[in-house]
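Q: The following comprises the amino acid sequence and a computationally predicted model.
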There are 2 protein chains.
Amino acid sequence: MATRRLGTETAKTRYVLLDAAESLMRESGYAAVTSRRLAAQAGCKPQLVHYYFRTMDDLFIALFRRIADAIFARQAQALADPQPLGVLWELMSDPADVVLHHEFIALANHRKPLRAEIAAFGQQYRANQQEILARAVPAGSPVSPPALAVIGELVARGMVLERALGMDAGHAEAATAVAALLAALADTAPPR
Amino acid sequence: MATRRLGTETAKTRYVLLDAAESLMRESGYAAVTSRRLAAQAGCKPQLVHYYFRTMDDLFIALFRRIADAIFARQAQALADPQPLGVLWELMSDPADVVLHHEFIALANHRKPLRAEIAAFGQQYRANQQEILARAVPAGSPVSPPALAVIGELVARGMVLERALGMDAGHAEAATAVAALLAALADTAPPR
DNA sequence: GTCTATAATCAGATAGAC
DNA sequence: GTCTATCTGATTATAGAC
């Protein structure tokens, strides 16, 4: 019913459940995030999941928002940093974030309520990236800031995912080539 | 039991089930591929899925191999084509393939039997790409063939996935920049 | 405000019937 | 060789107890 009661957003157990969901999703994929496994990981009963989150979709949305907020905060840091490109590259190459985002996109593919949320995040994230790059890239750069954002992000994230599968042929050379494009990034170490 | 009987690999129903699985996976994600939904889509009973494929993992592996074989065949075509880079770019940008591969990677994240299969495919696929590029790229190219393979592939695939979410900021410029890297690709239209 | 008992449904898999 | 009846367990979700 619409009158069903739910736990408060500040409850400690709610945080623990979100932590468990994040961990499960990262390590075993979104399909492993079930009320039972979640409860087992968090040390509570499966029904509690539905007390704090009416549906599983609600839980995924809450988790996504928590992660998105953290990423936006790191982007804001990059904007304030004297070496914004290095911070940006680290953010794009963070394996934990990359794997989670990959899972959320797969999730969005068959959970309609999540699609809008994830798409909106992606657009804001990219817009922030492009703003950071527009300020940091020298005017005479051969590639425009918007293009740099797309290429840097996609290559960085893609290499993280490939590496997780044991693929790394051409990675070092690709990273060098992208770093060359990101001229100001030249003095920053390329990702491992 | 180990003695349990299975349907033959040439049975028509087996193909219909694989087709249904491919379609379901593309449109609704791997988690939607259950014996029940599969049967509904294929017009048969759920138990038949387990007659033709002992486990769901077996089904996913059979489907992956069928798709992988088709992709290797297209790579062979690219190698024989007078304009190999255009064929290669089309192959990398095929939305159907990109979405499916994305799903399989997510699946590999929590289905151990699939990991080895998908990783091996990825490595062979990349090696083929690099061979095609090594033959097609002029000797004086500023970026090495291995790096070109990584960058081209990751940018092409990434843009397909972003577009599916309604993101396209910077895509046109990124495609132009990658096309510039792929010097011989200059006369081929960039992807939409 | 916090949690539990319970319902209804769906999933994967197998032994056995045609 | 092809398919079905059926079992066991997991999953989401709700109404109601503390």
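A: Ah, there it is. What you see is a predicted model; the values in this text were computed from it and never measured. Residues are numbered from 1 along each chain as shown, chains lettered A, B, ... in the order given.
Q: which residues of chain A fall in strands?
A: Counting by DSSP state E, one finds no strands in chain A.
Q: and it, which residues reach DNA strand D?
A: A:1, A:4-5, A:33-37, A:46-47, A:50-51, A:54-57 (CB under 7 Å from any atom of the strand). To be clear about C-beta, it is placed using only N, CA and C from the backbone, and glycine gets the same treatment.
Q: Pull out the buried members of those residues.
A: A:Val33, A:Ser35, A:Arg37, A:His50, A:Tyr51, A:Met56 (16 or more other CB atoms under 10 Å in any protein chain shown).
Q: Dump the residues you listed into CSV; add pLDDT as well.
A: Below are these laid out as CSV (pLDDT from 0 to 100):
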residue, pLDDT
A:Val33, 97
A:Ser35, 97
A:Arg37, 96
A:His50, 96
A:Tyr51, 96
A:Met56, 97
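Q: Any stretches of chain A with poor pLDDT?
A: By pLDDT under 70, the low-scoring segments of chain A are A:1-3, A:183-192.
Q: And the helices in it?
A: Under the criterion DSSP state H, chain A carries helices at the ranges A:12-28, A:35-42, A:46-52, A:56-80, A:84-93, A:95-108, A:112-136, A:145-164, A:171-181.
Q: Among these, show me which one is buried the most.
A: Comparing these by mean neighbour count (mean count of other CB atoms under 10 Å in any protein chain shown), helix A:145-164 ranks first with a mean of 23.
Q: so does that helix get close to chain B?
A: Yes. Counting by CB under 8 Å from any CB of the partner chain, chain B is contacted by helix A:145-164 at A:146-147, A:149-151, A:153-155, A:157-159, A:161-162.
Q: quick revisit: which one of the helices of chain A lies nearest to B:Ala134?
A: Among the helices of chain A, the nearest to B:Ala134 by CB to CB is helix A:171-181 (12.5 Å).
Q: got the angle for that closest one vs helix A:84-93?
A: Put simply, helix A:171-181 runs at 140 degrees to helix A:84-93, going by axes from the mean of the first three to the mean of the last three CA atoms, to 10 degrees.
Q: Pick the one among the residues of helix A:145-164 next to chain B closest to DNA strand C.
A: The closest of these to DNA strand C turns out to be A:Leu161 (CB to the nearest atom of the strand; 24.6 Å).
Q: Skipping adjacent residues, who's closest to A:Asp19 in space?
A: Of all residues not flanking A:Asp19 in the chain, A:Ala42 sits nearest, at 7.6 Å (CB to CB, 6 or more residues apart in numbering or on different chains).
Q: Would you agree the one you found is in contact with A:Glu22?
A: No. The pair A:Ala42 / A:Glu22 is not scored as a contact, 11.1 Å apart, by CB atoms under 8 Å.
Q: before we move on, back to that, need the buried ones among the residues of chain A next to DNA strand D in CSV (columns: distance to A:Ala96).
A: Shown next, in CSV, are these (distance: CB to CB, whole Å):
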residue, distance to A:Ala96
A:Val33, 16
A:Ser35, 24
A:Arg37, 20
A:His50, 27
A:Tyr51, 28
A:Met56, 22
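Q: Cool, thanks, signing off.
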